[in-house]
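[1] here are the coordinates; sequence isn't available:
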Ligand SMILES: NC(=O)c1ccc[n+]([C@@H]2O[C@H](COP(=O)([O-])OP(=O)(O)OC[C@H]3O[C@@H](n4cnc5c(N)ncnc54)[C@H](OP(=O)(O)O)[C@@H]3O)[C@@H](O)[C@H]2O)c1
């Protein structure tokens, strides 16, 4: 379980980090900036992996050897996922709009001996996703996994005609995922390896009143990912669909009564975000030849 896993590295702190890993990887980071726009980073990463483990499949089957970018890492499921993966030894590249939050999380991970960098990212902008992916490659040499998690849910009945909210959900939930695919696919192709993990929703399987547009975006994402899986062949594609999870997600609901009802339901039954992080970690940790395609995780009480 991620929550009980202790990082195997030691660190002298986030600004100047010296990491000594049990697989004898030695990393020296002189990390002065996380924003690639004004990057004054003088990363002198000198990984010298002298791992004596000769079982290649076993080595690859661990998140600890992977470089993983996570969108929507500033709160909720994305944050929990970044922490879980980092606790398993993965290097994480954190994307979200709230740069202060991702920088704080990256610092927390580095203070605990992990490797993390924050990249302010708005998934509505294709160039931001390119920058997220490019940062992973420039800083850590490759990108193994893209977790397309960022999403919003300002749900309402269609009759309310909250057209701006519809547009926002399409832009973030669907277009944002497409931007992630467009940014990472060329890198994965070049590497001849890579893994797309996309956070959809049980709304992709069951549409309920008030969630028509949200469910449409998540159904579309599920369809895109299945098409991607069929097209890419040797790359891995996973869709993780959560039911009700205890995050800030319901805050975006405009109608106060609807929001209060949703929050009451959330508090009564919602899962902790670590349950979804565990599912993502499971998919990521599989050996290269094992492609976990779909995981649906609901609270037991949810219908
Ligand atoms: N909570 C649930 O019950 C539930 C159920 C099923 C599926 N999901 C899905 O789980 C995913 C994560 O949601 P959550 O529950 O963890 O909610 P959350 O706590 O509100 O987190 C949403 C994350 O998405 C990011 N985000 C929103 N708009 C963005 C944008 N334009 N660009 C980049 N990042 C953006 C937010 O960061 P910034 O605001 O800092 O940008 C935040 O980190 C979403 O895809 C959601 O649809 C949630």
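    Right, received. Where do you want to start? Quantities reported herein were computed from a predicted structural model and do not represent experimental measurements.
[2] tell me the pLDDT at residue 41?
    Note on residue 41: pLDDT of 37.
[3] my bad, should have said residue 3
    pLDDT recorded at residue 3 is 33.
[4] with the one 4 residues further on instead?
    Model confidence at residue 7, expressed as pLDDT, equals 31.
[5] Three-state assignment for the closest residue to the ligand within the stretch 101-250 of the chain, please.
    Closest contact between the stretch 101-250 of the chain and the ligand, by Cβ to the nearest ligand atom, is at residue 151 (2.1 Å). Any C-beta I mention is one placed from the backbone N, CA and C, and that applies to glycine too. Using DSSP: H, G, I helix; E, B strand; the rest coil, the structure places residue 151 in coil.
[6] which residue packs closest to the most centrally placed residue in the chain, ignoring adjacent ones?
    Nearest to the geometric centre of the chain sits residue 70, at 2.8 Å (Cα atoms, centre = their mean). Take residue 70 and drop its neighbours on the chain: the residue closest to it by Cβ to Cβ, 6 or more residues apart in numbering is residue 147, 4.3 Å away.
[7] quick one: that neighbour and residue 63 touch, right?
    No. Using Cβ atoms under 8 Å, residue 147 is not in contact with residue 63; the gap is 11.3 Å.
[8] more neighbours: these two, which one.
    Relative neighbour count places residue 147 above the other of residue 147 and residue 63, with 31 against 25, counting by other Cβ atoms under 10 Å.
[9] give me the beta-bridge partners of the more buried one?
    Counting by DSSP bridges, residue 147 forms beta bridges with residue 70, residue 197.
[10] residue contacts, it?
    For residue 147, the contact set (Cβ atoms under 8 Å, 6 or more residues apart in numbering) comprises 68, 69, 70, 71, 78, 81, 197, 198, 199, 280.
[11] same thing but at 10 Å, please
    68-73, 77-78, 81-82, 85, 92-93, 95, 180, 195-199, 238, 240, 277, 280, 283-284 (Cβ atoms under 10 Å, 6 or more residues apart in numbering).
[12] of those, select the buried ones using a ChimeraX command.
    ChimeraX command restricting the contacts of residue 147 to the buried ones, with burial defined by 16 or more other Cβ atoms under 10 Å:
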select :68,69,70,71,72,73,77,78,81,82,85,92,93,95,180,195,196,197,198,199,238,240,277,280,283,284
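[13] from the contacts of residue 147, which are also near the ligand?
    Within the set of the contacts of residue 147, contact with the ligand (Cβ under 6 Å from any ligand atom) is found for 71, 72, 73, 77, 78, 199.
[14] run a quick neighbour tally on the nearest residue to residue 211 once chain neighbours are set aside.
    Excluding its sequence neighbours, the residue lying closest to residue 211 (Cβ to Cβ, 6+ apart) is residue 155, at 5.0 Å. Counted with other Cβ under 10 Å, the neighbours of residue 155 add up to 27.
[15] same check, this time on the one 3 residues further on
    Here the count is done by other Cβ under 10 Å, and residue 158 has 12 residues near it.
[16] grab the nearest non-local neighbour of it.
    The shortest distance from residue 158 to any residue other than its chain neighbours is 5.5 Å, reached at residue 212 (Cβ to Cβ, 6+ apart).
[17] just residue 209 next, same as before
    In this structure, residue 209 finds its nearest non-sequential neighbour in residue 157, 6.6 Å apart by Cβ to Cβ, 6+ apart.
[18] in this protein, where is pLDDT below threshold?
    The model of the chain has pLDDT under 70 over residues 1-61.
[19] now the ones next to the ligand among the contacts of residue 147 in TSV, with distance to residue 263 and secondary structure?
    Output for those, formatted as TSV (distance: Cβ to Cβ, whole Å; DSSP: H, G, I helix; E, B strand; the rest coil):
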residue	distance to residue 263	secondary structure
71	25	strand
72	20	coil
73	23	coil
77	17	helix
78	20	helix
199	21	strand
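[20] from these, which two are the most distant?
    For those, the maximum inter-member distance is 11.5 Å, found between 73 and 199 (Cβ to Cβ).
[21] shared neighbours, these two?
    81, 147, 149, 150.
[22] tell me where the stretch 101-250 of the chain has helices.
    126-140, 163-169, 176-191, 212-232 (DSSP state H, counting those that start in this stretch).
[23] as TSV, these with distance to residue 253 would be great.
    Below are the helices of the stretch 101-250 of the chain laid out as TSV (distance: least, Cβ to Cβ, whole Å):
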stretch	distance to residue 253
helix 126-140	26
helix 163-169	9
helix 176-191	20
helix 212-232	10
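[24] to residue 120, which of the ones you listed lies closest?
    Proximity to residue 120 (Cβ to Cβ) singles out helix 126-140 among the helices of the stretch 101-250 of the chain, at 7.7 Å.
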